[in-house]
Each structure stands twice: as C-alpha cells, then as structure tokens.
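Enquirer: Requesting a structural model of the entry that follows:
(chains A and B)
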Amino acid sequence: MIEFIKIDEEIKKILGIDLSENVVLVKKDSKVIGCGKVNKEDCSKTYIFIETECRGNGFGKLLFNKILEEYKNIGFADITISFSNDNIVIKKIVTGARGIPVSVVNNNVTYVIPL
Amino acid sequence: MLNDDVLDFIKKNNMDLKKLLQNDSSQLSTTNDINRIIGNYGYFSEEEDAFVSVADIVGYNCIQDQQNKNIFLNFDNFFDSQGDGYHSRSIGMLNYSSEEIIEGLRYSFKEEPIVVEAITEGKHLISTNGLHRYTVLRSHFVNESYGLDEDSIEYKKVREKYTIPVKLKKVDLIKTYANFLLSTHPDFEIFMSSEFDNNYRYTGRVILELPNNKRLTLDDDELIRFLKQILTNTKCSDYFERINNYSAKYDSFRTFIAENFPDITRQIMGGKSR
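Expert: Residues are numbered from 1 along each chain as shown, chains lettered A, B, ... in the order given. Next comes the predicted model:
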C-alpha cells in the first residue's frame, strides 16, 4: 500500500526545514521509500527522490503527481519543467501528467504542465 | 543482451537469431540518425489518430544513444522477469505467438495508445508510450518479413498484418528548421517557444524572445519573413556553411531553404547549383 504523508509545520520547525517548503514522504507498506519537496516561492527548488531499489514501479510518477497537486493547492496554474530529451523516465512522467512541449534547444526540452 | 526470457521468446517463435541480427530491418534508428536537426530542435504537431505499420517504425525516439542498435539486443532493456517493475510488468506479451500478438494487444492499443513520431516518410519512431509493445511487434515483423522482397505481395501482407492504431505526432518542419536557424545564429540569442491558449492548446504561433527583452508572436508566414530578414543580414560564412552541409544531408531542409528563401539560396548554398 502506498501512502503520502505531508510533514506538518511543527515537524518542519524541529527538523529545520524551510517553512516555505512542503515535504511529502512516500511510504510503501509502512516503510519510507522516497520524498518530494515543493517550494512555495521558487518551484525550481522542487525535489523528488525514490530509493534506487524501489524504482521502475511507478512510484516516481505517483509522487510527481502528488507534487503537482501540492503546487495546485498553493495556487499555481501550471508549472514549467526542462530536461534532456533523452531522459525517458522524466519524459514519460511529464507527458503522463498532460505536459505539453513548448520548446526544444539542443536536445533540452521544456514542457508546461497545466494544473 | 539476451536474458532467459528473451532466449525463450526467440526459441518459441523459431527465430533464427544469427540471421536476424544481421538483417537491416533489425537495426534501430534514433532521431539523430534520421535527421539531427529534428533530433535537437524538433517541433511536433498535436497527436492525431492514425494507423501505422510497424514496418515504418524504425526505433525509439527517447533513447537517443541506444546501447545496442539492434531490436533483439535491446530486449533486456524492457523484458526481464527477474528485474524491477518496468522490466517484469510486460513479460506476458512474450507469450503471444505472431498469430496472437495483434489480437493480444488490441485492448492496450485503446487503453494505452502507442505514441509515434513521424520523422520522415517511412521512418517513424516510438515516443514515450509503447516501447515494450513495439519491441515485441517489431521483432515478430522482422522475423516474418525476413527474406521477402519489399515489392512482393507477401511482404505487403506482412506490413498490413502489423499495422496498428497509434497516436501520431508529425514534425512541424517550418518551426523545427526556424528553431534551428535561430538557436544557432552566431550574432544573437533568440529563444523560440510554442504559444498556447488558455486551454493549453497550441495556437500554431511561436513566441520569439529577442535580445533586449523584446517578444514577438508570429505565425508561420511571419516567422519565415522574420527569418528572411535575419538571413539577409547575416555575414557569418561558418553559419552558411553549416546550413549548406545540412542541406546536402537532409532533403526536407534543402527544400525548406529553397522554397522559403529563394532570393538568398545562392548565398546560403555558397553559389553552387543543385
């Protein structure tokens, strides 16, 4: 079973996490296997991580969609993401999230994802 | 390489691996193999429903430098019952025979459409969805069409058999080549992107971000006129030499230059007639 747990403000203060950041943990069968971070002021500081041995099972995609949900809740209408055109993992996740390509220069693509 | 699942698949389908590995149809292409400009600067249309033969799908778009440029040697990138979810989840499709595979995948064509990019005539590439299915379908196609004359009725029947519904994206050559010419211009940095409306649908226009923070929104005709101005005032011979080299290499780029910039084609082509 996959669960997403958002770290609350109290825990953020204890851990010294910037209050402008929302952190989401991914748990599978009660074990934390990854985390994601959303920055309310600067979405270039978004961060997603899934433990190596848990990859290839769609958890990154679920976490990414959870991150998008967080940005939507904050009030973003869309987000822009850039990556290498060769990065099939990110490309599949982004296109699966209805991302639309808007530019490509020297094999680096930029997508806009409506929220 | 060839793990047990793949070897089993090859054996079950009576594939002569030695012959098939050497067959041209087994070789995979990337976008850069077909057209390096499209590979690095390509703009594509929105997806549309289409039927495409696996005969015309010659590789994967999103794996640009494939470890093994052969469909059979790429199997373990997708199929491994001992691997992670990505590698084990589609093992079942290796159990279909060549007579069962199309019917076996029919439901998936609708539920999880295969996405294909049409790079040039007869050379399409799998995009983000359908890599596992393509790998299996292509290997069956290569096996069944082995040794057949492409003009023969038998070959046409095999082509037809492996014709599948897909979501097709076509190259927008004007925007692609304009993007290339602008992005590689020696004198200024002009960044091009697609314009989209409030519903996130492409409008067909592009936005150019110019030096001095200026922005222009242009349709295709306006984009060509803008490019013409730029090219007319460009003096850099290295730039034109690169254009000339790519024109020699890619028919569609040569046509784009000749059709849209006839007055300066001579300058671009270095005075050589074609």
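
Enquirer: Would you mind listing the buried residues in the lengthiest helix in chain A?
Expert: In chain A, assigned by DSSP state H, the helix with the most residues is helix A:59-74. By neighbour count on 16 or more other C-beta atoms under 10 Å in any protein chain shown, the buried set for helix A:59-74 is A:Phe59, A:Gly60, A:Lys61, A:Leu62, A:Leu63, A:Phe64, A:Lys66, A:Ile67, A:Leu68, A:Glu70, A:Tyr71. Just so you know, the C-beta spots here come from the backbone N, C-alpha and C atoms, and that holds for glycine as well.

Enquirer: Distance check, the fourth one against A:Met1.
Expert: In this case it means A:Leu62. 12 Å (C-beta to C-beta, to the nearest Å).

Enquirer: With the third one instead?
Expert: From A:Lys61 over to A:Met1 the distance is 17 Å, taken as C-beta to C-beta.

Enquirer: quick revisit: roughly how far out does the longest helix of chain A sit from the chain middle?
Expert: Taking the mean of its C-alpha atoms, helix A:59-74 sits 5 Å from the chain's own mean (C-alpha atoms, centre = their mean, to the nearest Å).

Enquirer: cool, and stretch B:15-26?
Expert: The answer for stretch B:15-26 is 23 Å, by C-alpha atoms, centre = their mean.

Enquirer: how long is it end to end?
Expert: Using C-alpha to C-alpha, to the nearest Å, one end of stretch B:15-26 lies 12 Å from the other.

Enquirer: again, but for stretch B:154-172
Expert: For stretch B:154-172, the separation between the terminal residues is 34 Å (C-alpha to C-alpha).

Enquirer: any residues touching that stretch, and which ones?
Expert: Here stretch B:154-172 makes contact (C-beta atoms under 8 Å, 6 or more residues apart in numbering or on different chains) with B:38, B:42-55, B:102, B:105, B:109-110, B:113-120, B:124, B:127, B:129-130, B:137, B:140-141, B:144-145, B:148-149.

Enquirer: What residues of it count as buried?
Expert: Buried residues in stretch B:154-172 (16+ other C-beta under 10 Å): B:155, B:158-159, B:161-162, B:164, B:166-172.

Enquirer: Equivalent analysis for stretch A:76-87, please.
Expert: Those would be A:Asp78, A:Ile79, A:Ile81, A:Asn85, A:Asp86, for stretch A:76-87 by 16+ other C-beta under 10 Å.

Enquirer: So for the fourth one, what pLDDT did the model give?
Expert: Looking back up the chat, that one is A:Asn85. On pLDDT, A:Asn85 comes in at 86.

Enquirer: can you tell me which residues contact it?
Expert: A:Lys91, A:Val104, A:Asn107, A:Asn108, A:Val109, B:Gly39, B:Asn40, B:Cys62, B:Gln64.

Enquirer: Go again with 7 Å.
Expert: By C-beta atoms under 7 Å, 6 or more residues apart in numbering or on different chains, A:Asn85 lies in contact with A:Val104, A:Asn107, A:Asn108, A:Val109.

Enquirer: just the second one next, same as before
Expert: Under the criterion of C-beta under 7 Å, 6+ apart, the neighbours of A:Ile79 are A:Cys43, A:Tyr71, A:Ile113, A:Leu115.

Enquirer: Just give me the closest of these to B:Asp84.
Expert: A:Ile113 (25.6 Å; C-beta to C-beta).

Enquirer: That closest one should be in a helix, yeah?
Expert: No - per DSSP: H, G, I helix; E, B strand; the rest coil, A:Ile113 lies outside any helix segment and is strand.
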